[in-house]
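1. Just to be clear, the model below is a prediction. Sequence and coordinates:
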Amino acid sequence: MVVERIKTGIYGLDEKIEGGFEKGSVITVLGGPGAGKSIIGMQFLHHGAKNGENGLYYSFEESRDDIIKDMEVIGLDPKDLIKQNKLSVVSASPVDFEYLPIIDSIKKDNIKRLVIDSLSTIYMYFENNSKFRRFLLDLVNSLKEIGVTTIMTDEQSQGTGENEIMFFSGEYLSDAVIKLYYSGLGGEYDRSMQIIKMRRTNNERSVIPMKIGQGGVYLR
């Protein structure tokens, strides 16, 4: 079976995952504060928008203005893409959140790439794990039915290993799980990435040195 893939826009990643993310797949990006989760999402959308794939950044943590400023700081100027309706940035409240407005936006604006930032913020407003699992199941199924390639970010501690994947979070439903680490010790490559799983992909399995610079995330 031939798997249709799309370029990630993350420098050095595509060659480690057989050419890119599977088109229409759902990817969860895990990591602690400052690891680079949001930047990966921004870079993924910016690359797609520059190459004819409309993108939507849906944030529950930062304001729209702050997200745009964050992109500008790392050299991903989004303003022209926003003016051309190739990139949309939405800041929403996680309180009483429903995913149907996202689905409506995807259909209306012909969105091909989506970032949801973050699952951990949404989770805090659910009464229990089972309700959050049901919400995620419905969300992921809807996204896959539409065929939009999606990155969902999620907060997690700095430990390692696939056995840390939390059942109540998005990882068990995702086609791929990427975990980021941040040592905070300084140095050019004080961050790293590990591809915990990626369905239908012969991917790199070791921990990959990573840095953040002008243009976004770079892998060694």
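-> Good, I have the coordinates. Numbers count the residues shown, from 1 in each chain.
2. what about the closest residue to residue 182 other than its chain neighbours, how many neighbours?
-> Closest residue to residue 182 apart from its sequence neighbours, by Cβ to Cβ, 6 or more residues apart in numbering: residue 35 at 4.3 Å. Placement of C-beta: from N, CA and C, glycine included. With neighbours defined by other Cβ atoms under 10 Å, the count for residue 35 comes to 26.
3. Confirm residue 35 sits in a helix?
-> No: per DSSP: H, G, I helix; E, B strand; the rest coil, residue 35 lies outside any helix segment and is coil.
4. what sits against it?
-> 180, 181, 182, 191 (Cβ atoms under 8 Å, 6 or more residues apart in numbering).
5. which SS class is residue 29?
-> Applying three-state DSSP: residue 29 is strand.
6. And it, how close does it get to residue 43?
-> Taking Cβ to Cβ, to the nearest Å as the measure, residue 29 falls 11 Å from residue 43.
7. Starting from the helix or strand where residue 90 lies, tell me which strands it pairs with and how they run.
-> Following DSSP states H and E, the helix or strand that holds residue 90 is strand 87-91. Paired with strand 87-91 in the same sheet, following DSSP bridges, are strand 55-59 (parallel).
8. Which other helices and strands does the helix or strand immediately after the partner strand in the chain contact?
-> Scanning forward in sequence from strand 55-59 by DSSP H and E, the next helix or strand is helix 64-73. The contact analysis (3 or more Cβ pairs under 8 Å, 6 or more residues apart in numbering; DSSP states H and E) places helix 64-73 against helix 37-50, helix 79-83, strand 87-91.
9. what's the closest of those to residue 216?
-> For those, proximity to residue 216 was assessed by Cβ to Cβ; helix 37-50 is nearest, at 3.7 Å.
10. Could you list the buried residues of the closest one?
-> By 16 or more other Cβ atoms under 10 Å, the buried positions in helix 37-50 come out as 37-49.
11. what's the closest of these to residue 123?
-> residue 37 (15.0 Å).
12. ok, that closest one touching residue 178?
-> No: Residue 37 is beyond contact range of residue 178, at 9.1 Å (criterion: Cβ atoms under 8 Å).
13. what's the overlap in contacts for those two?
-> Common neighbours of residue 37 and residue 178 (Cβ under 8 Å, 6+ apart) are 29, 30.
14. How about residue 23, nearest residue that isn't a chain neighbour?
-> residue 4 (4.4 Å).
15. Put the alpha carbons of stretch 52-67 into PDB.
-> C-alpha atoms of stretch 52-67 as PDB (Å, rounded to 0.1, in the frame of the first residue of the first chain):
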ATOM      1  CA  GLY A  52      -1.000  25.800  -1.100                       C
ATOM      2  CA  GLU A  53      -2.400  24.000   2.000                       C
ATOM      3  CA  ASN A  54      -4.600  26.300   4.100                       C
ATOM      4  CA  GLY A  55      -3.800  26.000   7.900                       C
ATOM      5  CA  LEU A  56      -5.700  26.700  11.100                       C
ATOM      6  CA  TYR A  57      -4.000  27.300  14.500                       C
ATOM      7  CA  TYR A  58      -6.600  26.800  17.300                       C
ATOM      8  CA  SER A  59      -5.100  27.900  20.700                       C
ATOM      9  CA  PHE A  60      -6.500  27.500  24.200                       C
ATOM     10  CA  GLU A  61      -3.500  29.000  25.900                       C
ATOM     11  CA  GLU A  62      -2.300  32.100  24.100                       C
ATOM     12  CA  SER A  63      -4.100  35.100  22.500                       C
ATOM     13  CA  ARG A  64      -4.200  35.400  18.800                       C
ATOM     14  CA  ASP A  65      -1.800  38.500  18.900                       C
ATOM     15  CA  ASP A  66       0.700  36.600  21.000                       C
ATOM     16  CA  ILE A  67       0.700  33.600  18.600                       C
END
